[in-house]
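Engineer: what shape does this take:
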Amino acid sequence: MYLRTTIKKHKRQTYRYVHIVESVWEDGRSRQKTVLSLGREDQIDPQRLRQIQLLLGQLAGDDPLERLKGLEVGVVRYFGQVVVLQHIWDELGLGGLLKGYIKERGICVPVEQLVRVMVFNRLIAPRSKLALSRWIDRLYLPELFGREVPLHHFYRAIDYVNREKERIENALFSRLTDLFSLKLSLVFYDLTSTWFEGDCCPLAEYGYSRDKRFDKKQIVLGLLATAEGLPIAHQVWNGKRVDVTTVQEMTASLKKRFRIGETILVGDCGMLSAENLETLTQAGYRYILGLKSRSQEARELIVPAAGPVSLNNYEVIEKDKLLAREVKGSGGVRYIICHSFERAQVDRAQRTRQIETTTAKLETLDIDLKSGRVKDGETLQRRLATIFGRKHVKRYFHWSCDTKNGRPTLSWSLNTEAVAYEEHREGKWVIKTDASLTVADTIRQYKNLQCVENAFDDMKHLLVLRPIRHYAPPRVEGHVLICVLAYLLARILELRLAEAGVTWTDQIGRQSKSYPMTAARALDLLDEVKAAEIQLDGQWVDHISRIGPYARSILQALGVMPVQRTIPRDA
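Structural biologist: Below is the predicted model of the structure:
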């Protein structure tokens with residue numbers, strides 16, 4: 001039996017019909033006999049044909065599972081995440097960029113492929129370079145199927161890519177400018193630290209730890225980002241580098257490498273110094289910087305010499321949420337004092353709790369002194385150090401120690417002046433700027449500094465930047481570069497999904513609420529889309545698993561749908 005197509009014409013229209021026919025011998029000659037007519041070719045439903053095939057097989061007594069006995073399943077690989085990340089990688093032109101740089105050096109190691117694997121790994125299932133050499137075959141990258149990559153090739157790739165760091169950042173900045181029509185009128189700058197395992201790295205030093213790991217050596221990482229949260233440059237320093245000492249170096253880099261015109265640099269209070277302000281002014285940059293709320297400059301603004309300023313004199317920025325007032329300084333400098341009602345409640349509750357807890361501990365210490373349980377001054381000082389060792393507690397109290405009749409004594413009282421200032425300070429913070437933005441816009445851009453904080457949070461948690469186990473400085477810097485590239489892909493993924501209006505819904509009881517689709521959530525939802533190696537009747541194919549509704553919406557937003565479900569292997 002075989003298929004036969006017949007053509008019929010009706011009213012100037014041509015129609016093609018498909019039949020299953022067989023050859024029979026009748027009256028001494030061969031003739032075609034129609035077994036089954038399948039109808040018009042353009043109206044045949046493939047799914048209906050499969051159902052007919054199954055029913056005919058059952059009628060013939062076939063076992064539906066018999067054909068599966070020759071089925072063999074091989075490696076199951078990540079597909080959904082890989083196809084999305086590969087799309088963004090290609091969109092940025094990173095592949096051609098790295099291949100071009102490496103070709104100039106005449107390097108035989110496939111640096112572009114290995115860097116791509118390391119970046120994808122940070123986003124999918126972060127692990128060490130040693131484990132990565134065994135994990136590489138889990139990615140749906142046909143050019144790497146069955147290849148064993150020595151561990152030292154990953155290390156060499158890190159070394160090579162780190163040497164090209166500035167060229168990569170410069171080229172990516174140009175590409176991002178085209179993709180997102182960037183107008184770099186605002187640059188956000190912040191620092192973080194990340195800790196080490198081991199003591200051999202020259203960059204690793206003890207310093208102020210944002211991770212609260214003061215028992216570990218660390219490095220300091222500075223990041224420049226756009227208002228969209230896209231990283232454009234970063235720098236690694238030794239772990240004891242202080243925030244305020246990094247601004248001049250990053251400002252010089254920004255002006256020299258990117259040739260940006262008038263720009264406003266947004267930073268937090270750690271960047272503020274007279275020398276840094278002079279550097280920014282000389283470079284032609286404006287600034288929006290935070291003041292430390294307990295600095296003398298901020299104290300005089302929050303509680304002026306003439307007395308506290310009533311909230312009635314503040315401008316409403318967000319009703320029942322945020323107020324602000326502007327104070328003109330000299331030389332075009334402006335100060336914006338902000339008051340957040342929500343933050344004021346938090347500050348008040350925290351201060352009240354600290355005072356009540358400390359008062360109770362001091363009263364207990366009084367009882368112990370009177371009862372003789374505390375018999376010497378050394379024990380008294382040790383107990384006081386424990387009580388006032390908590391952050392920001394001792395500012396609320398006056399105390400003094402003495403000796404009477406050979407026994408230690410303690411007198412203490414509430415520092416009402418400090419408490420009064422804290423009551424006026426609660427919920428307030430101060431911005432210093434020389435930019436000509438409105439009060440509302442200045443506050444909004446300062447709050448957008450959170451985009452860099454979000455980048456650090458993603459690098460530390462989603463991409464598992466820490467702990468760092470390399471000890472050679474170029475390897476440490478290369479590891480950070482890999483994480484920054486991974487974050488760039490993640491942030492672009494979030495921006496693309498936001499543009500397409502893709503969200504995810506959380507069901508809480510009978511209510512549901514929609515949230516923006518983050519990169520972490522999107523990659524998790526894409527994890528269900530795998531590619532499985534399948535051999536059937538001697539033919540190897542890659543079969544893509546079911547694509548759920550969330551995964552489908554993500555793939556469609558990136559423009560990588562439809563996905564071919566069955567992919568034949570090349571012979």
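Engineer: and Pro467, backbone torsions?
Structural biologist: Here is the backbone geometry of Pro467 (degrees, to the nearest 10): phi -80, psi 150.
Engineer: any idea of the pLDDT on the residue nearest to it when sequence neighbours are not counted?
Structural biologist: Leaving aside its sequence neighbours, Pro467 sits nearest to Glu197 (CB to CB, 6 or more residues apart in numbering; 4.7 Å). Every C-beta, even on glycine, is put in place using the N, C-alpha and C of the backbone. You'll see Glu197 listed with a pLDDT of 78.
Engineer: using CSV, write down the CA coordinates of stretch 122-134.
Structural biologist: Output in CSV follows, covering the C-alpha atoms of stretch 122-134 (Å, rounded to 0.1, in the frame of the first residue of the first chain):
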residue,chain,number,x,y,z
ARG,A,122,26.3,31.2,37.1
LEU,A,123,22.7,31.7,36.1
ILE,A,124,21.5,28.1,35.9
ALA,A,125,23.3,26.1,38.6
PRO,A,126,26.4,27.9,40.0
ARG,A,127,29.3,25.7,41.0
SER,A,128,33.0,25.6,41.3
LYS,A,129,35.3,25.4,38.2
LEU,A,130,36.2,21.9,39.1
ALA,A,131,32.6,20.8,39.2
LEU,A,132,31.9,22.8,36.1
SER,A,133,34.2,20.6,34.0
ARG,A,134,32.0,17.7,34.8
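Engineer: any low-confidence regions in the stretch 401-550 of the chain?
Structural biologist: Within the stretch 401-550 of the chain, the ranges that satisfy pLDDT under 70 run 508-510.
Engineer: let me see the ranges of the helices in it.
Structural biologist: 416-425, 439-447, 450-461, 473-499, 519-526, 549-558 (DSSP state H, counting those that start in this stretch).
Engineer: ok so, going back, can you get me a residue count around the residue nearest to Pro467?
Structural biologist: Look at Glu197: counted by other CB atoms under 10 Å, it has 14 neighbours.
Engineer: wait, what's in contact with it?
Structural biologist: Residues counted as contacts of Glu197 (CB atoms under 8 Å, 6 or more residues apart in numbering) are 216, 467-469.
Engineer: strands - which of the residues you listed land there?
Structural biologist: Counting by DSSP state E, no part of those is found in strands.
Engineer: nearest to Leu558, of these?
Structural biologist: Among those, Ile468 lies closest to Leu558 (CB to CB), at 31.4 Å.
Engineer: distance of the closest one from Val111?
Structural biologist: Distance of Ile468 to Val111, computed by CB to CB, to the nearest Å: 21 Å.
Engineer: next: Thr245.
Structural biologist: Counting by CB to CB - Thr245 and Val111 are separated by 34 Å.
Engineer: of these two, who's got more company?
Structural biologist: Using other CB under 10 Å as the criterion, Thr245 and Val111 rank with Val111 on top: 23 against 14.
Engineer: what's near enough to touch the more buried one?
Structural biologist: Per CB under 8 Å, 6+ apart, neighbours of Val111: 98, 102, 156-157, 160-161.
Engineer: now, the most widely separated pair of those?
Structural biologist: Greatest spatial distance in the contacts of Val111: Leu98 and Arg156, 13.4 Å, computed using CB to CB.
Engineer: quick one: which of those two has more around it?
Structural biologist: Set Leu98 next to Arg156 and count neighbours by other CB under 10 Å: Leu98 wins out with 23 against 16.
Engineer: helices or strands next to the lengthiest strand in the chain in the packing?
Structural biologist: Taking DSSP E as the criterion, the chain has its longest strand at strand 13-26. Other elements packing on strand 13-26 under the criterion 3 or more CB pairs under 8 Å, 6 or more residues apart in numbering; DSSP states H and E are strand 2-10, strand 29-40.
Engineer: can you redo those as JSON lines with mean pLDDT and mean neighbour count?
Structural biologist: As requested, these are arranged in JSON lines below (pLDDT from 0 to 100; neighbours: other CB atoms under 10 Å):
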{"stretch": "strand 2-10", "mean pLDDT": "85", "mean neighbour count": "10"}
{"stretch": "strand 29-40", "mean pLDDT": "84", "mean neighbour count": "11"}
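Engineer: let's have these in CSV, adding distance to Glu453.
Structural biologist: Below are those laid out as CSV (distance: least, CB to CB, whole Å):
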stretch, distance to Glu453
strand 2-10, 65
strand 29-40, 62
